[in-house]
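K.L.:
what's the 3D shape of this:
(2 chains)
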Amino acid sequence: MNLRDIAFRNMMRRKAKAGFVLAGLLIGIATVVGLISLVEAMTRDINHKLEKYGANILIVPRTENLSLTYGGLSLGGVSFEMEEIQQEALRNIQSIKNVANIAAVGPLVLGVITVAEHRSLLAGINFETTEILKPWWKLEGTAPDENGVLLGAEASRIMGLGVGDRMMVKDRSLVVSGILQPTGSQDDQLIFARLETAQSLLGKEGRISMAEVSALCQDCPIDSMVKQITDVLPGAKVMAIQQVVKGRMETLGQFKQFSYGISAVVVLVGSLVVFVTMMGSVRERTGEIGIFRAIGFRRSHVMRIILLEAGVISAVAGILGYVVGFGATKGALYIFGENQGAPVPFNLELAAWALAIALCVGLVSSIYPAVIAARLDPNEALRAI
Amino acid sequence: MSYIVAKDLVKHYGRGESAVEAVRGMSFQISAGEFVAIMGESGAGKSTVLSIMGAMNAPTSGEYIVDDINIYELKREQRADFRREFLGFIFQSFHLMPYLTVAENVMLPLAIVKVSRKEKVAMAQDALAWVGLADKANRLPSQISGGEKERVAIARAIVNEPPVLMADEPTGNLDTKTSGDVMDLLLKLNGDGMTIVMVTHSHKCAGHAGRILHITDGRLQEVLN
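P.N.:
Here you go, the predicted structure:
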């Protein structure tokens, strides 16, 4: 017989009260776990969808000149005075700390060519990464091989070339394998070829004009990634496309704030349930506490009995709350989610937090009732029986 | 030499015009191993005196000394330690914990004592055997009679072998025969050297004591030997 036995036996005796405290905490913790798991799953889903918006970091050659373009109107051709980037240097990006957050790196070489008296920009790109960087592209025909080109919609119209037609570029005959459907961007004006083909035609083997990067920034600040890439590409200027990045971050931030706000309210309600129930329990046990004190229990002994009970119930509520919240999230995603098999991984950190929050809420809410119990005057308590 | 000394004990409840003087300047001495009964009408102040003697109710004035310790000069938690080490309590209505077995109820005062579980069980068994309930150790209080509950309460009071036993109407809820059995146990304890202070309405029970303190209106009226 020790204080643990007394606390445990009392819980077993007052099953309904213990069950009520357990249920209050369990519902609170399950809601918190469910909300956070749900928001995490939704965040992953949104992040996945946001990837489809394409590149969010640009790598361009470093220059000391100011831009002479405004609102799409070019007032000078100084951009071609820049040093170009060595294609091989892009491999350094694979060594940055947040490499796992990079979805795709798309090198791009640009140069002016003349096709049937029309001066045009030739863009050499990697068509595999373009699927990630520009998922909105729709082609009529196919992506070109090393002897083909893809024409932007405007370029096709002005040059009067369609799929299967041939064009001569610097004494080399290239077939038009596809036409890019109108995008409303400058891509409509360009002629696209495979990177190697364009580098060969422009005499820029091993060099690129710029690169686009699609970074997933659920858990990383984009500014940090920009700095990391700048460090490994000292000759280049690395810029975040702020609008896209900020939009992503704001969306994720709002989801998190919402879940934390709701969680705080639910935890507060849970703590009130514990507080009210424990206060009731202490009042109900006035006589019993009087006997404990009369036979020599110190105040601290009485407090330990009350807090032991609260601790055990809270720990059980924390563990069960995580399991129930986890299951509820799976169920909710299965019933309401677009992807019914959306994974909800077991999150050990969240489980530990659920246990810690349950213990914290249960114990903190029980401190005042425990103090009231400990302060009961034994003489008064015995007279109350 | 006196083991328990009460000097000019006064106890007021409430303040101002509504104040009630429960104990009005009471002095007495009890020797070690003595059996003292406190008698009086309802509201005479018997229970207040017992609660002061039980280190649970500080007097408004006066001194209460046990074994040369001035009890109400001790801090609150030290008084709890004093109760645990010096006093055994028998309450009028048994006050057993309904969710603990007979043996566990007897072990209750040992719950906060640093003794091994095995030793605690042995001490509880000894106490239960002494009151004749060794065979009912695993029963719940609801499964035993009133007389047996009183004997469990006695076993609980003596399990840690305190020098003083305080009994508040120990036979108040018992029939004549069972009351006799309980008194026999108290006499046996007294015979073994335990100091006993018993509050009672029963002249018959008080007749077993070596001395009777008769209280009227908060004052010690007479001492009968």
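K.L.:
residue numbers of chain B in contact with chain A?
P.N.:
B:51, B:54, B:56-57, B:76-77, B:80-85, B:87, B:89, B:91, B:93, B:95, B:97-100, B:104, B:107-112, B:117, B:120, B:124, B:156 (Cβ under 8 Å from any Cβ of the partner chain). Glycine gets a C-beta too; all of them are placed from N, C-alpha and C.
K.L.:
one more time with 7 Å
P.N.:
B:51, B:54, B:56-57, B:77, B:80-81, B:83-84, B:89, B:93, B:95, B:97, B:99-100, B:104, B:107-112, B:120 (Cβ under 7 Å from any Cβ of the partner chain).
K.L.:
buried members of the residues you listed into PyMOL, please.
P.N.:
Only the buried entries of these go into this PyMOL selection, using 16 or more other Cβ atoms under 10 Å in any protein chain shown:
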select buried, chain B and resi 51+54+56+57+80+83+84+89+93+95+97+99+100+104+107+108+109+110+111+112+120
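K.L.:
can you flag which of the residues of chain B next to chain A belong to helices?
P.N.:
Of the residues of chain B next to chain A, the ones assigned to helices by DSSP state H are B:51, B:77, B:80-81, B:83-84, B:104, B:107, B:120.
K.L.:
closest to B:Tyr3 among the residues you listed?
P.N.:
B:Arg83 (16.1 Å; Cβ to Cβ).
K.L.:
and B:Gly43, what element?
P.N.:
For B:Gly43, there is no host helix or strand (DSSP states H and E).
K.L.:
in the stretch 201-350 of chain A, what residue is nearest chain B?
P.N.:
When scored by Cβ to the nearest Cβ, the stretch 201-350 of chain A has A:Gly296 as its residue closest to chain B, at 2.4 Å.
K.L.:
secondary structure class of residue 132, three-state.
P.N.:
Reading this off chain A. helix (DSSP: H, G, I helix; E, B strand; the rest coil).
K.L.:
could you do chain B instead?
P.N.:
Assignment for B:Gly132 (three-state DSSP): coil.
K.L.:
which residues touch it?
P.N.:
B:Arg151 (Cβ atoms under 7 Å, 6 or more residues apart in numbering or on different chains).
K.L.:
chain A: strands as residue ranges?
P.N.:
Secondary structure of chain A (DSSP state E): strands at A:57-61, A:69-70, A:73-74, A:85-86, A:102-115, A:118-125, A:139-141, A:148-151, A:166-169, A:172-180, A:191-194, A:207-208, A:210-215, A:236-240.
K.L.:
which stretch in those has the least confidence?
P.N.:
Lowest mean pLDDT within those: strand A:73-74, at a mean of 52.
K.L.:
just the residues contacting the helix ranked longest in chain B, thanks.
P.N.:
Counting residues, the longest helix found in chain B (DSSP H) is helix B:176-191. With contact meaning Cβ under 7 Å, 6+ apart, helix B:176-191 is reached by B:35, B:131, B:146-147, B:150-151, B:154, B:158, B:165, B:167, B:170-171, B:174, B:196, B:198, B:205, B:208.
K.L.:
what of stretch A:258-275?
P.N.:
Identification of contacts with stretch A:258-275 by Cβ under 7 Å, 6+ apart yields A:21, A:24-25, A:27-28, A:31-32, A:35-36, A:39, A:310, A:357, A:361-362, A:364-366, A:368-369.
K.L.:
what bridges to A:Val149?
P.N.:
Counting by DSSP bridges, A:Val149 is bridged to A:Val176.
K.L.:
now stretch A:343-356: mean pLDDT?
P.N.:
On average, stretch A:343-356 scores 87.
K.L.:
which positions within that stretch qualify as buried?
P.N.:
Quick answer for stretch A:343-356 (16+ other Cβ under 10 Å): A:344, A:347, A:350-351, A:353-355.
K.L.:
residue boundaries of the strands in chain B?
P.N.:
B:2-13, B:20-31, B:35-40, B:61-66, B:69-70, B:87-90, B:164-168, B:195-199, B:211-216, B:219-224.
K.L.:
for A:Asn2, find the nearest of these.
P.N.:
strand B:87-90 (20.0 Å).
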